[in-house]
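Participant: No letters, just coordinates:
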């Protein structure tokens, strides 16, 4: 891989880590998906930071479960769906969208929740 691509993946990986950590603080922003993307970026740019992320005591286990089994722990599923519901409620309250847009966004969140709940579950 060229140095430019490696640098791109490295920077993108850190942007995803930053977004993931923002998600820890704000319930309407997901954490795990950003960290999954970060691990993928680091796998192409920095084995050191990929290892750091996968071995992180809090964030590592769900990432490893995703990589090895495409599994999402049941607790994480509940948190993700609660975050989606809170995000949708916040959107509806503050944006006051048209019924059509509100319906489209609802369908998007329903599809995301269905995807999350149809993945296998392993112990958290």
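Facilitator: Cool, the structure landed. Predicted, not measured: the structure shown is a model, and the values here were computed from it.
Participant: where exactly do the helices run in this structure?
Facilitator: 3-25, 32-45, 47-54, 60-69, 74-95, 99-118 (DSSP state H).
Participant: Can you give me the distance of residue 69 to residue 24?
Facilitator: Residue 69 sits 23 Å away from residue 24 when distances are taken as Cβ to Cβ, to the nearest Å. Quick note: C-beta positions are derived from backbone N, CA and C, even for glycine.
Participant: and the residue nearest to residue 53 when sequence neighbours are not counted, how many neighbours?
Facilitator: Closest residue in space to residue 53, ignoring its immediate chain neighbours: residue 39 at 5.1 Å, by Cβ to Cβ, 6 or more residues apart in numbering. Neighbour count for residue 39, taken as other Cβ atoms under 10 Å: 25.
Participant: And the one 4 residues further on, by the same measure?
Facilitator: Neighbours of residue 43 under the rule other Cβ under 10 Å: 17.
Participant: Please look at the residue nearest to residue 53 and residue 67 and confirm they touch.
Facilitator: Yes - look at residue 39 against residue 67 with Cβ atoms under 8 Å: they come within range, at 7.4 Å.
Participant: which residues are in contact with both of those two?
Facilitator: Both residue 39 and residue 67 are contacted by residue 54, under the criterion Cβ atoms under 8 Å, 6 or more residues apart in numbering.
Participant: quick one: average confidence on stretch 103-110?
Facilitator: For stretch 103-110, the mean per-residue pLDDT is 96.
Participant: how far out from the middle of the chain is that stretch?
Facilitator: Offset of stretch 103-110 from its chain centre (Cα atoms, centre = their mean, to the nearest Å): 18 Å.
Participant: quick revisit: highest mean neighbour count out of the helices of the chain?
Facilitator: Across the helices of the chain, averaging neighbours per residue (mean count of other Cβ atoms under 10 Å) puts helix 32-45 on top, at a mean of 20.
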